[in-house]
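Asks: coords below, sequence missing:
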Ligand SMILES: Nc1ncnc2c1ncn2[C@@H]1O[C@H](COP(=O)(O)OP(=O)(O)OP(=O)(O)O)[C@@H](O)[C@H]1O
Ligand SMILES: [Zn+2]
Ligand SMILES: [Zn+2]
């Protein structure tokens, strides 16, 4: 093939198509679609993806590809196809779609260098530049920029003495280690040693080591450590050709120092057998089906996953398991590694960029057959997929909230259809969307209604906190919660306390005038951080010091409100001084591995109470936890979000599921200010079916999903008049072009009307069927393209918004 079509790394409307390049002769026949290349683009050199190779091009005078970055395609044929589909589905740029499918380490980074156009020009360039080019013809632009004025540089560029070049920097460095090799046989070694002068003691010591230990290859690092000699002695032996060195590539394996206890398949109970049967037959028959495995917490869904995967691997195929924010549940990793050992790659946000890259390459090289990972693991470059599992399918983290705004569930189904294999969605609290599809028979419903060994679900007690207040209890713990905690302490059992942080922050308010301190750039209150007495904005990062007096009325009665985990801990220590508490929140789990350490400690019973936020709500399976307390169940209910009730129900069910999972029975206490709310009532009765009925009824009457599809368009700009004008225009255009049955809401200010000094407006499209939607939206973006690139206007379109924020 002589020509290649390339998608270039310039995310803009004008460049959202392929460009043709000549393939230099030496790469013809080698370069294939899915490889990354460096190509000249205008004055720059940038990265791109080859999407097609061909014998002819309609264009004349084409430039040549400059560099080839891959030896094997980093995107398989199928993933290229997924990329095109993502572009359609989410209205993102092709380049964004391709990049989203690769580990961060492989995204292009550019460095600017200033380069002499000819060596002779060293005499002509300005004096300030000269010192930089004495020894080299290219200099990092950043270095020069700090010392020499841009004007001066510009002049030399205009004169043609120097030029500015963008170089693609490769981030994904493979880790290599130096191996030292013994070049002679052990019998020859004696001879060689005799020839070495006696005073070269260190060199002799090195050779003695090889002799004593009968090794022929060892890493340089280990050799130096074992013999306590310096690098120089080894070099001397290499010069004598007794030793040689070579580099060997190694993987950074975050789990290499850990042992995983091998586990075997358990004997499935009746419900599990019923559930696994259709999955296995779909695997055998090579048929694509989507299964919704609706199983109460502790019903043994994971065991069903494990045994289905076993079947897939036995057939020589591969599987993907998505787990929400997996770094947060090391227990989960253990279960997969325990069953499948080195066949598993793990991909999650807790890994370093390098570690992720290495895990990804294990997949690419077919060294593993199973990947367990968070959202983006859905793009694992397997070519022979036999199954995709999405655990906790209701988790909102499966939706990416930046471009491309995809939902991993959609990608999973698309890929599984390509590979003609099953998708299994598992949850104790399926999304209404999925459950409705199962009701209609679009998905196949598999139910696990009982806990393993018929253990009962923990009894739930709802405590009305208003009542507590009326009875004179002003603390954040109800009387009955304290009683039950004390009981657990006496019996040596463990408790989990859950603080629902979402929608709840510690804001600062003046008790005299009611003034709330807000971010000067965003319309949202600042959050109080005890450490350093700082106030922080969670949207733009603005920080300021906590004032001593109210900026509005000078009163000294300015306090923070709201309950942080730190405060809960302090209060708890006062009430239960003898208890040992582990607190898990963003502050205590910031460091790598901290999360796992804390959980291990709790598992070893080095603490009585685990106190935490969302991060302890799911996946935990500790036998001695018999009490779960939810401190404030209703904080999420009041968010401007049509899924607020559903999320509350899911969360309460998940948290309750942490108690009494093994021999000991469990109990749950839910503290709330709105005990009558149906999502709280029904969660306490574990009545998903009733919740589903009720919530579906409300969604229907308010025209929300799953009855209607949504599209959210958000417009932002530094000037409010501009935002309003553009939003109005968009609404008018939508009204003219979409069908009559479609509802268009807006323009209205977004729930957070200003972020980072930009005003935000939105409009929402609710529709049942809308064939024109994508085309209409594309036209809108097209229309405002100019203003978006020059006038700081931003329009984001989300075709399946998770929240209204
Ligand atoms: N067939 C079985 N026989 C015996 N024990 C089992 C069986 N299946 C699962 N278990 C055990 O029951 C416990 C709960 O199972 P598991 O964690 O798989 O449930 P789950 O449905 O995934 O729970 P959750 O949704 O709450 O995370 C685990 O300790 C598991 O090892
Ligand atoms: Zn005041
Ligand atoms: Zn801010």
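Replies: That came through, no problem. All of these numbers come straight from a predicted model, not from anything done at the bench. Ligands and ions are numbered 1, 2, ... in the order given.
Asks: Spell out which residues of this protein are next to ligand 3.
Replies: 519, 521-522, 537, 539-540, 542 (C-beta under 5 Å from the ion). Using the backbone N, CA and C atoms, a C-beta is placed for each residue, glycine as well.
Asks: closest to ligand 2 among these?
Replies: Closest approach to ligand 2 among the residues of the chain next to ligand 3 (C-beta to the ion): residue 519, at 18.0 Å.
Asks: Spell out which parts of the stretch 151-300 of the chain neighbour ligand 1.
Replies: Proximity of the stretch 151-300 of the chain to ligand 1, by C-beta under 6 Å from any ligand atom, involves residues 266-269, 272, 295, 297-300.
Asks: hang on, the earlier thing: the residues of the chain next to ligand 3 in strands, which ones?
Replies: Judged by DSSP state E, the subset of those located in strands is empty.
Asks: Need the buried ones from those selected in ChimeraX.
Replies: Per 16 or more other C-beta atoms under 10 Å, the buried members of the residues of the chain next to ligand 3 correspond to this ChimeraX selection:
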select :519,521,522,537,540,542
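Asks: can you pull the contacts of the residue lying closest to residue 642 once chain neighbours are set aside?
Replies: Nearest non-adjacent residue to residue 642, counting by C-beta to C-beta, 6 or more residues apart in numbering: residue 704, 4.8 Å away. Residue 704 is in contact with 642, 698, 710, 766, counting by C-beta atoms under 8 Å, 6 or more residues apart in numbering.
Asks: cool, and residue 623?
Replies: By C-beta under 8 Å, 6+ apart, residue 623 lies in contact with 661-664.
Asks: Just the buried subset of those, please.
Replies: 661-662.
Asks: Please convert the contacts of residue 623 to CSV, extending it with distance to ligand 1.
Replies: Formatted as CSV, the contacts of residue 623 follow (distance: C-beta to the nearest ligand atom, whole Å):
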residue, distance to ligand 1
661, 6
662, 7
663, 11
664, 13
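Asks: tell me the domain ranges of this protein?
Replies: Domain assignment for the chain, taken from automatic domain parsing, gives 3-102, 110-250, 270-452, 455-504+563-701, 507-561, 709-798.
Asks: just to revisit the earlier point, from the contacts of residue 704, pick out the ones that also neighbour ligand 1.
Replies: Near ligand 1, judged by C-beta under 6 Å from any ligand atom, there are no entries from those.
Asks: taking those residues one by one, which sit in helices?
Replies: Using DSSP state H, the subset of the contacts of residue 704 located in helices is residue 698.
Asks: out of the contacts of residue 704, who's nearest residue 691?
Replies: Taking C-beta to C-beta as the measure, residue 698 is the one of the contacts of residue 704 closest to residue 691, at 10.8 Å.
Asks: Report the separation between the two terminal residues of stretch 123-137.
Replies: End-to-end span of stretch 123-137 (C-alpha to C-alpha, to the nearest Å): 13 Å.
Asks: In TSV: the contacts of residue 704, plus neighbour count.
Replies: Shown next, in TSV, are the contacts of residue 704 (neighbours: other C-beta atoms under 10 Å):
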residue	neighbour count
642	18
698	13
710	20
766	19
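Asks: sec struct for residue 58, please.
Replies: With DSSP: H, G, I helix; E, B strand; the rest coil as the basis, the three-state label of residue 58 is coil.
Asks: Do you have the helices of the stretch 251-400 of the chain handy? List them.
Replies: 270-285, 301-314, 330-340, 353-364 (DSSP state H, counting those that start in this stretch).
Asks: tell me the average confidence for the shortest one?
Replies: For helix 330-340, mean pLDDT rounds to 85.
Asks: likewise the first one?
Replies: Summarised as a single mean, pLDDT over helix 270-285 is 97.
Asks: what sits up against it?
Replies: With C-beta under 8 Å, 6+ apart, helix 270-285 has contacts from 268, 287-289, 291, 293, 295, 299-300, 303-304, 307-308, 311-312, 315, 386-387, 421-422, 424, 444, 446-450.
Asks: any idea of the angle it forms with helix 301-314?
Replies: 20 degrees (axes from the mean of the first three to the mean of the last three C-alpha atoms, to 10 degrees).
Asks: before we move on, back to that, could you export the residues of the chain next to ligand 3 as CSV, including pLDDT?
Replies: Shown next, in CSV, are the residues of the chain next to ligand 3 (pLDDT from 0 to 100):
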residue, pLDDT
519, 83
521, 83
522, 76
537, 79
539, 73
540, 74
542, 85
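Asks: Quick check: the residue of the stretch 51-200 of the chain nearest ligand 1.
Replies: With C-beta to the nearest ligand atom, the shortest gap between the stretch 51-200 of the chain and ligand 1 falls at residue 103, namely 27.6 Å.
Asks: Would you check how far apart that residue and ligand 2 are?
Replies: Relative to ligand 2, residue 103 is positioned 50 Å away (criterion: C-beta to the ion, to the nearest Å).
Asks: That residue and residue 52, how far apart?
Replies: Residue 103 is 24 Å from residue 52, where distance means C-beta to C-beta, to the nearest Å.
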